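Chemist: Could you look at this predicted model? Sequence included:
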Amino acid sequence: MDSSTNSLAATLTDHLQNCQGIRELCCLDDASADSSAEFPDRASMMEVRLQAQEDEITLLKSSLADALRRIRLHDQLLPLLKQQLIAVNPGAARVLNQVCCSDGCTSSRKLSSSSALDGICHRPTSQLSDSVVTNANGHTESPVSMNSRPRPATLDRSTQTEPILPGQDTGQDRAPLPRQVLSLQLEDALPPGKLEVEGTRAKLHRVPGLEEEDEEHEENEDGGEPEKELSWTSSVEEPIQRTTIRGLQRDDCQDGSCSPEELGSASASVRTSDQNLSSRSGPLTPIQEGEKKPLGRRNSEKLGNPERQRKRLDKKAASSANLLTRSPSLENRAKELVTGAGSPGSRRGTYSQEMSIKMFIRGRPITMYIPTNIHNYEDLKMEPPSERLELDWVYGYRGRDCRANLYFLPTGEAVYFIACVVVLYHINNRTQRHYQKHTDCVRCLTLHPDKVRMASGQMSGVDKDGKPLQPCVHIWDSITLVTLQQIGLGTFQRGVGLVAFSFADSGAFLCVIDESNEHMLSVWDCNKGTKHAEVKNTNEAVFAVEFNPSESANIITCGKSHVYFWTLSAGQFTKKQGIFGKYKKPKFIQCFVFSLTGDVLTGDSEGNILTWGKSAADVKTLGKGAKETFQIMKQTRAHEGSVFTLCSLQGGSLLSGGGKDRKIVRWSADLAPERECEIPEKYGAVRTIADVDGEELLVGTTRNAILRGTFSDGFVAIVQGHVDEMWGLATHPSQSIFITCGHDRQVCLWNAEEHKLDWCITLEDYGLCAGFCPNGSVVSVGLSTGRWMVLDLRTREVVSESTDGNEQLSVMRYSPDGSFLAVGSHDNFIYIYNVTESGRRYTRFGKCNGHSSFITHLDWSKDGKYIMSNSGDYEILYWDIAAGCKLLRNRFESKDREWASYTCVLGFHVMGVWMEGSDGTDINALCRSHSERVVAVADDFCKVHLFQYPCPKPKAPSHKYEGHGSHVTNVCFTHSDSHLLSMGGKDTCILQWRVMGGGGGDRRERLASATSTSTSTSSPEPATS
C-alpha cells in the first residue's frame, strides 16, 4: 500500500471518529431541543456538520478505491515487464538471475514499491542510530558510515518517506519507484513483434485517471526537505531508466533469493549491465549517467491544516471521479464501499458532470441529476405539445367593485365580464361563449342601441418585464365575436373606467372616462375610431356616465359628491354642476337613469332617489347673465343604505336595488312603490339589474353572483364565484368535480361537467390548500392558522381536524394508496399522518425536518414511500417516509424515481418551464397530466402555459393562453385529463380549459424517440398560441 493509501486510511479513521462524536452531540441536541424551545436550531446545525463529515468520508473512500486499483496494476505489471525485458534482451535475464542468486534473504514478504509506505510504523530508534537501520519489513541492515547513512523514514502518516538503502544513489540521484512501474501500460509487455517502436525508444503510457494524483504529489505545499519524483506525461516516449530495473530487482526479492543488503552491489552490476544492454539491444536507448528526469518536490503537509486538507480531498475526489467514469467495475466497487459504510451519500464530486446539470435562480445554483433513460441530454428536442387548450367555461362574475356590467341580449344571453374575458351566457341552454381579445382585466361594459354591438374597456396592467400595457376600448360584434374597432390605444391612462354609447344618433359616438387623476372625459367616433373631444372631468371618483337619450350633445356624469351636466358644442365641453340647494348633499351619487319625461333620477348613498330638472335663470338673485341651472325637484326615500342601481322598464316603471337592505323595489312612473323583494344574505347586496322580459330579472350582486328570478317566485343563483384571492385547488381522483378555497373563507365544490356549484361552506379562517383522499370520499383543507380539517363530501361535515404549528399551510397531499397524508407548512416542516378508516382518522406518523424555508410544493412517489419537496429558497429535497421521514442526502439516487403526481416547480423534468431571468416566484404552480404527456404552468404574468412532459431543457417552447387578469395561483388536470382548471388570484376567476388534440403514445416512448440519434426528419413545430 502506497503513501496516499496509508494517508487516506488514517484520515478516514479520524473522520469516522469525528462523525461518531457528532452523532452523539446530535442525540444530545435533539433531546435538548425537545425539552427546551430556547435552542430550536442546534439540531439542524449539527446535522449540517454531520453531513459535511460524511461527504468527506465518501470522497476518502472513493480515493481509497483508487489507490487499491493502482496497487493491483502495480502487481500485474511487474511480471509482464520482466517478460518484456527478457524477450527484448536476453542479457536482462542473466542480470536478474545473477542478482537473485546472490541474495541470501529469507523474507517471505514482498517489498512494496515504496518500502516505507506499507502502513507499518517504524521505531523511533531507527531514526537516531548511526549503526543500525531498520527497513520497512523489519529486517536489520549492516552498519553504514556517516557519509553513506541513509535518510531516515519519517513517521508522519501524511508525509512518510522511504529510507535510502545502502548502495542506492542519495538525494538527487534517487527517485521513488511506484510511479514508473504504475505508469507502464500492458501493451509495453507485448512480444517484440507487437511492440510499437519509434526510433529507439519504447513508448510508455500513463494509466488513465492518475493525472490528478501526479499533480498532487508534485506541488510544493509546506516547505521542507526536497524529495524528487518522476512525472509522466500521457503518450510521451521515455527511456527505461536504471531505477526501473532496480525496481525489478526488488520485485525478485519476493522469492527469497535476495536480500536488501545486496541491493547496493546489484545496482552496480545493473549499471555495468546497462552499458552492455545498450550495445546489444536495438529498441532500448543507452542510459547515460548524467541523464536525469525533471524531478518534482513532495513537501510535508500536516493534517492539522484544514484548508490544505480540503484541497487534498478535492483533488482526490476529482481523481476518483475520473476513475469512476472510465471504469464501470470500479464505479460499482465505490458504490459498494459507500453502501457498506452506511453513509447517506455525497452531494458533490462523486459523479461525473455529464450526469447532472445546473440551473440558476437569482444566482443560486440548483443541481439537476439526469435520469438514466436519457442517454444524450444535448440531443433532446423540445417542441410544443400536440395538445392544445380551448376555453370551455368561466366560473365567476365581477360584481364586488364594478357597476352596470350586466346586460341581456335578444339572443337569450346574459353578457358580463370577469378577469380578461367577456362572457355570453345563454340562461336557458346553459352554454357560454367568450370574447377573449382583451389583454388585461375588463373594467366596464355597455350595450349599443342596436342590441348587437358591445363596447368593453380594460385596465392597463404590465407585461412580464414590468412595462405598462396600453389600455383601450374594444367595440365588437356579440354574434360573431369579431372586433370591429379598437379605440384609444395609447391615449388613456391607467385604464378605462366607464363607457357609454349615444342613443339619439343610433350610437354614432362613444363616451369614455379613463382612470387618470383627472378622469379625462372623451368622445369618440365609433365608425372612424377618432377622438371628437376631450375634457378634464374631476379629481373625485366617477361612478356613471350616459348620453341624454334625446340629445347626443348632452352628457351626464356622477360620482363622489357631484352630478355634472355636460354640453358638447363645436368640439368644446361646458359643464354645469347640479345644485342640491335645501337638500342634504350625499357623499356619493351612485347611479342615475333618464325618465320618460327627460328628467334625471339619481340614487345616492343616503338611500334616496333624487329627481333633477332644469330651472329658469334666477335673474333677481344672480343678476343679468344668469343661466339656467339643474336642481333637485323631488326626493324619494327608497332604501336603507345606498341605492346601488336604477333600471328603467318599458312603460316608465323603475327598478331600484339597495345595498344594506338587499332589496329590489319596483316603482311606478311617479315613484310610488309597487312591489319589493329581498335577496338572500349570502349573495350580498344588489349591484346591478338587467331586465329580461319586463317580469323576469337578472341581478348582479356584490358577492360575485348573478341571480335569476321574479318578484313572485324569488331569485336563484345561475352564476357564482369567490369574492377574494384564491389559492387552494384540487380535483377529484375519479369524478369530474373539484374543490377551491381562498381568502374569502369559502370552500366550494364545483361540478366540471354541469358547470355549477354543488355546495359551499364558510370557515372561521381562510383556506390556502386542499387535497382529495384517493378513495374520493373526503377532502382535506389547510388553513392560514396552521389548522387543517377533513370534510365529508356528501354530508359536508368536518370528520377530523388538527393543528400543526401556528403558520399557514401550503400543501395537502395524500399518498397514492391513501395511507398517508403530507401537510406542508410555512414553518419549514412537512407533517406526516397515518390515514385510517377511509380517510376519517388521522394519527401523527412523523415530521420531515430539513428545509431552511417554507414548504411550497411536494409530491409522493408512485410506491408511496418517498416525497419530493420544494421550499421558498429554491431547495429540492427527498424524503424516505417509510424509513421514518428520513432526509435522503444523496439526491442522485432519486433521479430515476417515478412520481405519482408532479406539482413541484423545481425538478429536472420541469426545468424547461422556467424563463430566462426568472426570480424564483414567477411560477406559482404546475401540474403534470395523468397521462404524463403534458405539464401545465401557472405564472405570475396572468398566463397559463402548456409544455410537453418531460421538459428538461431551458427555453422550451410552449402554448400560451390568456384570460386571467391577475397572477395565476394554481392549475390542475381533471381525473381523465379532459380538462384543465386554472385559478386566478385577485381576479377571483376560475377558468376551465378543454384539452384538445394530442396523439397517442406514452411519454416514455416520446422521450426515447427524442433522445435517439436517428436522422429521421422531425415534423414541423406547431405554432404557439
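Modeler: Nice, I can see it.
Chemist: Which helix runs longest in this structure?
Modeler: Longest helix in the chain by number of residues (criterion: DSSP state H): helix 42-88.
Chemist: now for that one, which elements pack on it?
Modeler: Applying 3 or more Cβ pairs under 8 Å, 6 or more residues apart in numbering; DSSP states H and E, one finds that helix 42-88 makes contact with helix 3-35, helix 90-101, helix 178-182, helix 242-252, helix 306-326, helix 328-340. For glycine as for every other residue, the C-beta is placed from the backbone atoms N, C-alpha and C.
Chemist: mind listing what Cys591 touches?
Modeler: Contact analysis of Cys591 by Cβ atoms under 8 Å, 6 or more residues apart in numbering lists 403-404, 543-544, 558, 602-603, 643-646.
Chemist: Kindly recompute the last result at 7 Å.
Modeler: With contact set as Cβ atoms under 7 Å, 6 or more residues apart in numbering, Cys591 has these partners: 403, 543-544, 602-603, 643-646.
Chemist: Can you tell me the element it falls in?
Modeler: For Cys591, the host element (DSSP states H and E) is strand 589-594.
Chemist: tell me the mean pLDDT over that strand?
Modeler: The predicted model assigns strand 589-594 a mean pLDDT of 96.
Chemist: how about it: buried residues?
Modeler: 589-594 (16 or more other Cβ atoms under 10 Å).
Chemist: before we move on, what about stretch 707-723?
Modeler: 707-709, 711, 715, 717-723.
Chemist: Quick check: beta-bridge partners of the closest residue to Ile487 other than its chain neighbours?
Modeler: Spatial nearest neighbour of Ile487, chain neighbours left out: Val473 (4.3 Å); criterion: Cβ to Cβ, 6 or more residues apart in numbering. Beta bridges link Val473 to Gly457, Ile487 when assigned by DSSP bridges.
Chemist: do the same with Lys960
Modeler: Going by DSSP bridges, Lys960 forms beta bridges with His945.
Chemist: Surely it touches His945?
Modeler: Yes: counting by Cβ atoms under 7 Å, His945 is a contact partner of Lys960 at 5.5 Å.
Chemist: So those two - more neighbours on which side?
Modeler: Neighbours per residue, other Cβ atoms under 10 Å: of Lys960 and His945, the larger number sits with His945, 27 against 16.
Chemist: which ones are touching the residue nearest to Gly850 when sequence neighbours are not counted?
Modeler: Residue nearest to Gly850 in three dimensions, not counting chain neighbours: Leu887, with 4.4 Å by Cβ to Cβ, 6+ apart. Leu887 makes contacts with 850, 877, 879, as judged by Cβ under 7 Å, 6+ apart.
Chemist: The last one in helix, strand or coil?
Modeler: Following DSSP: H, G, I helix; E, B strand; the rest coil, Trp879 is assigned to strand.
Chemist: picking up where we left off before, list just the nearest of the buried residues of stretch 707-723 to Phe509.
Modeler: Using Cβ to Cβ, Val719 is the member of the buried residues of stretch 707-723 that lies nearest Phe509, at 31.7 Å.
Chemist: Just grab the bridge partners of the closest one for me.
Modeler: Applying DSSP bridges, one finds that Val719 bridges with Ile706.
Chemist: distance of it from Arg841?
Modeler: Per Cβ to Cβ, to the nearest Å, Val719 is found 38 Å from Arg841.
Chemist: Show me where the stretch 801-950 of the chain dips below the pLDDT cut-off.
Modeler: For the stretch 801-950 of the chain, no stretch has pLDDT under 70.
Chemist: brain fart, the stretch 551-700 of the chain
Modeler: Ranges of the stretch 551-700 of the chain meeting pLDDT under 70: 617-626.
Chemist: now the helices for it?
Modeler: Along the stretch 551-700 of the chain, counting by DSSP state H, counting those that start in this stretch, helices occupy 619-622.
Chemist: Let me see the ranges of the strands in it.
Modeler: 551-559, 562-569, 572-577, 589-594, 600-604, 608-615, 629-637, 643-648, 654-658, 663-667, 673-678, 686-691, 697-701 (DSSP state E, counting those that start in this stretch).
Chemist: In TSV: those, plus distance to Tyr833.
Modeler: As requested, these are exported to TSV (distance: least, Cβ to Cβ, whole Å):
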stretch	distance to Tyr833
strand 551-559	54
strand 562-569	59
strand 572-577	66
strand 589-594	51
strand 600-604	54
strand 608-615	58
strand 629-637	58
strand 643-648	47
strand 654-658	48
strand 663-667	48
strand 673-678	45
strand 686-691	43
strand 697-701	39
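Chemist: Please name whichever of those is nearest to Leu391.
Modeler: Here strand 697-701 is closest among the strands of the stretch 551-700 of the chain (Cβ to Cβ), at 21.6 Å.
Chemist: what lines up beside the closest one in the sheet?
Modeler: Assessed with DSSP bridges, strand 697-701 is paired to strand 686-691 (antiparallel), strand 706-710 (antiparallel).
Chemist: relative to strand 654-658, how tilted is the first one?
Modeler: So that's strand 686-691. Per axes from the mean of the first three to the mean of the last three Cα atoms, to 10 degrees, the angle that strand 686-691 makes with strand 654-658 is 160 degrees.
Chemist: Contacts for strand 686-691 next, please.
Modeler: 399, 403-408, 644-645, 647, 649, 655, 657-658, 662, 664, 679, 697-702.
Chemist: can you list contacts of stretch 770-784?
Modeler: Under the contact criterion Cβ under 7 Å, 6+ apart, stretch 770-784 has outside partners 728-730, 732-735, 739, 741, 747, 763, 765-769, 788-793, 799, 808-809, 812-814, 816-818, 821, 823, 838-840.
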